[in-house]
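Enquirer: A structural model of the following input is requested.
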Amino acid sequence: MKKSVIGFTIAGALLAGSYATTSLAADNDQTSSTESAPKKWEMRMKGHAHFGGGFFKGNSENLLEKAKELGISTSGKDAETLMKEIRTEQIKKKAKELGIKTSGKDIETLAEEVRLAKLQKKAKNLGISTSDKTAAELHEAIHLAQLKKEAKDLGVSTDGKDAESLRQDIRQASLNKKAKELGISTDGKDLQTLQQEVMTASIKKEAKELGISTDGKEIRELAHEVMTAKVKAEAKKLNITIDGKAIPEIAMEVHKKKVQNLAKELGISTKDKSMRELIEAIQEKDADKLEALRGDDFFPIGKGGFGPGGHHGKGKHHEGGNRFGPDAPSGGEVQPQLNEEMPAEIGNDI
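Expert: Predicted coordinates:
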């Protein structure tokens, strides 16, 4: 079962600085119908574009490999052209899997139908009526149901509360729980102060466990050392080479390997499947194990935002599906913050 406390996870913050990772969550679906396709592509190209978990990592190798898997000719095509064609093929593939007819439909219409079908399926699994509901209404209903489940796990009352109120209460309860675990008093402290203290204490605790000296170090420097050590240790356990690789790139490889390993453990074939497809398959087969993985420091994609701007922060959804915006700060500018975990993600745009 997923950890219901606010997790100290710097992996995502490091990845944000170097890759501007986009979310797998369907929060971006909120704007997908009104935002033009060129704009969405521009934002993804500026960040870490993903079609199934981020196969385009700043070089063309994975992009070309994915195109080849889908039978797409790569000759004379730049990255943006290939990404558009890959998206088109993935939408068509998913539509067929869902029993949606593809003939005579433009790709955006088909994408909306796929999105609606996926949301309807998820809603039914949660016991939510899909009758006469739009994709946006289903998205909100699913999100509210998941917030209520998380609130219940934390002992937070859900009576008469909307999604925004629940997010705030979950955030406070999660933070209080983590503070208690760390021996931090919550008396008379506002949320921002308590969050900073919890973050600092968490980083120092992990540094101590890893044998990293904290003397004379700023918290951001210490956070970087802690995450670097953890990423390298995980890579070693998974037999991932680190030669010549940046820490965010290694962390992404760790994340990918863990998803693939979990899929194999559950008897799910990984052949010709994107990361997104694997995650969806795992979600359907064993949601609890996926949630346990979401609580992992190396599952930075598909979790809540960092600091007060995240899901349990001000309740604002990510604009255009880009968690950090198209102009994410450089790695040196990213402040280590709490990664506030959210309930199971809902749907995925394609």
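
Enquirer: shaky segments in the stretch 51-200 of the chain?
Expert: Within the stretch 51-200 of the chain, the ranges that satisfy pLDDT under 70 run 51-59.

Enquirer: can you show me the helices along the protein?
Expert: 11-19, 29-32, 37-46, 61-69, 79-97, 107-125, 135-153, 163-181, 191-209, 219-237, 247-265, 275-285, 287-294 (DSSP state H).

Enquirer: most packed of those helices?
Expert: helix 11-19 (a mean of 24; mean count of other Cβ atoms under 10 Å). For glycine as for every other residue, the C-beta is placed from the backbone atoms N, C-alpha and C.

Enquirer: quick one: average confidence on it?
Expert: Helix 11-19 shows a mean pLDDT of 38.

Enquirer: equivalent analysis for stretch 217-235, please.
Expert: Mean predicted lDDT for stretch 217-235 stands at 93.

Enquirer: how about it as PDB, C-alpha atoms only?
Expert: Coordinates of each C-alpha in stretch 217-235 appear next as PDB, following Å, rounded to 0.1, in the frame of the first residue of the first chain:
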ATOM      1  CA  LYS A 217      26.600  22.300   4.400                       C
ATOM      2  CA  GLU A 218      23.600  24.200   3.100                       C
ATOM      3  CA  ILE A 219      20.500  22.100   2.900                       C
ATOM      4  CA  ARG A 220      20.500  22.200  -0.900                       C
ATOM      5  CA  GLU A 221      24.000  21.000  -1.100                       C
ATOM      6  CA  LEU A 222      23.300  18.200   1.400                       C
ATOM      7  CA  ALA A 223      20.100  17.200  -0.500                       C
ATOM      8  CA  HIS A 224      22.100  16.900  -3.700                       C
ATOM      9  CA  GLU A 225      24.700  14.600  -2.000                       C
ATOM     10  CA  VAL A 226      22.000  12.500  -0.500                       C
ATOM     11  CA  MET A 227      20.100  12.000  -3.800                       C
ATOM     12  CA  THR A 228      23.300  11.300  -5.700                       C
ATOM     13  CA  ALA A 229      24.300   8.600  -3.200                       C
ATOM     14  CA  LYS A 230      20.900   7.000  -3.300                       C
ATOM     15  CA  VAL A 231      20.700   7.100  -7.100                       C
ATOM     16  CA  LYS A 232      24.100   5.500  -7.500                       C
ATOM     17  CA  ALA A 233      23.300   2.800  -4.900                       C
ATOM     18  CA  GLU A 234      20.000   1.900  -6.600                       C
ATOM     19  CA  ALA A 235      21.700   1.800 -10.000                       C
END
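
Enquirer: oh, and call the first residue 38 from now on, that's how I've got it
Expert: Will do, 38 is the new start, and the previous item becomes stretch 254-272.

Enquirer: can you count the residues close to Thr111?
Expert: By the criterion of other Cβ atoms under 10 Å, Thr111 has 16 neighbours.

Enquirer: what does Ser168 give?
Expert: Neighbours of Ser168 (other Cβ under 10 Å): 5.

Enquirer: report the separation between it and Lys161.
Expert: Going from Ser168 to Lys161 by Cβ to Cβ, to the nearest Å gives 11 Å.

Enquirer: got it, and Thr223?
Expert: In terms of Cβ to Cβ, Thr223 sits 40 Å off from Lys161.

Enquirer: tell me the pLDDT at Glu328?
Expert: Per-residue confidence (pLDDT) for Glu328: 81.

Enquirer: for Ala116, see how far away it is.
Expert: As defined by Cβ to Cβ, Glu328 lies at a distance of 34 Å from Ala116.

Enquirer: what sits against the nearest residue to Lys131 once chain neighbours are set aside?
Expert: Distances taken as Cβ to Cβ, 6 or more residues apart in numbering place Val151 nearest to Lys131, at 5.1 Å, with adjacent residues excluded. Contacts for Val151 (Cβ atoms under 8 Å, 6 or more residues apart in numbering) come out as 128, 131-132, 135, 137, 387.

Enquirer: which two from these end up farthest apart in space?
Expert: Ile137 and Ile387 (12.2 Å; Cβ to Cβ).

Enquirer: ok, these two, which is more surrounded?
Expert: Neighbour count, other Cβ under 10 Å: between Ile137 and Ile387, Ile387 has more, with 24 against 16.

Enquirer: what score does that one have for pLDDT?
Expert: pLDDT recorded at Ile387 is 43.

Enquirer: also Glu382?
Expert: Looking at Glu382, its pLDDT is 35.

Enquirer: what does Lys310 give?
Expert: At Lys310, pLDDT is 82.

Enquirer: neighbours of it, how many?
Expert: Other residues near Lys310 come to 18 when the count uses other Cβ under 10 Å.

Enquirer: over to it: give its phi and psi.
Expert: As for Lys310, its main-chain torsions (degrees, to the nearest 10) stand at phi -110, psi 140.

Enquirer: tell me the spacing between it and Gln320.
Expert: Taking Cβ to Cβ as the measure, Lys310 falls 13 Å from Gln320.

Enquirer: and which of the contacts of Val151 is nearest Glu122?
Expert: Ile128 (10.9 Å).

Enquirer: contacts only, for Gln157.
Expert: Here Gln157 is in contact with 167, 175 (Cβ under 8 Å, 6+ apart).

Enquirer: swap the cut-off to 10 Å and go again
Expert: By Cβ atoms under 10 Å, 6 or more residues apart in numbering, the contact list for Gln157 reads 135, 165, 167-168, 170, 172, 175, 384.

Enquirer: okay then, goodbye and thanks.
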